[in-house]
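Novice: Sequence unavailable; structure follows:
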């Protein structure tokens, strides 16, 4: 949460704003986790996944690993 790396060593998705949490102490992070555990779960229908013939009704993002991204052709200029 504060370093951009999961406990198993994988980097967090770019969407995770870990740099905004980098100044948190371990105690701060534990306090946030404790607070979140006091909240009741939200129950609602989650859209998707979408089939090949369906148009998504929400923004869709794909995270591509750097090694795979490096094989892509550059976009046209």
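Specialist: All right, it came through fine. Predicted, not measured: the structure shown is a model, and the values here were computed from it. Residues are numbered from 1 along each chain as shown.
Novice: Kindly state the pLDDT recorded for residue 32?
Specialist: On the pLDDT scale, residue 32 is placed at 93.
Novice: What is the longest helix of this structure by residue count?
Specialist: helix 26-38 (DSSP state H).
Novice: Now tell me what touches it from outside.
Specialist: With contacts defined as CB atoms under 8 Å, 6 or more residues apart in numbering, helix 26-38 is touched by 1, 2, 21, 24. No exception for glycine: its C-beta is placed from N, CA and C like everyone else's.
Novice: For the second one, what are phi and psi?
Specialist: Meaning residue 2. When read as degrees, to the nearest 10, the backbone of residue 2 gives phi -110, psi -10.
Novice: close enough to count as contact, it and residue 19?
Specialist: No: between residue 2 and residue 19 there is no contact under CB atoms under 8 Å: 9.2 Å.
Novice: those strands in the protein, which residues are they?
Specialist: Secondary structure of the chain (DSSP state E): no strands located.
Novice: Mind giving me the ChimeraX select for the contacts of helix 26-38, buried ones only?
Specialist: In ChimeraX syntax, the buried subset of the contacts of helix 26-38 is picked out as below (16 or more other CB atoms under 10 Å):
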select :1
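Novice: min pLDDT across the contacts of helix 26-38, which one?
Specialist: Among the contacts of helix 26-38, residue 1 has the lowest pLDDT, at 78.
Novice: Quick one: residues contacting that residue.
Specialist: 18, 21, 24, 29.
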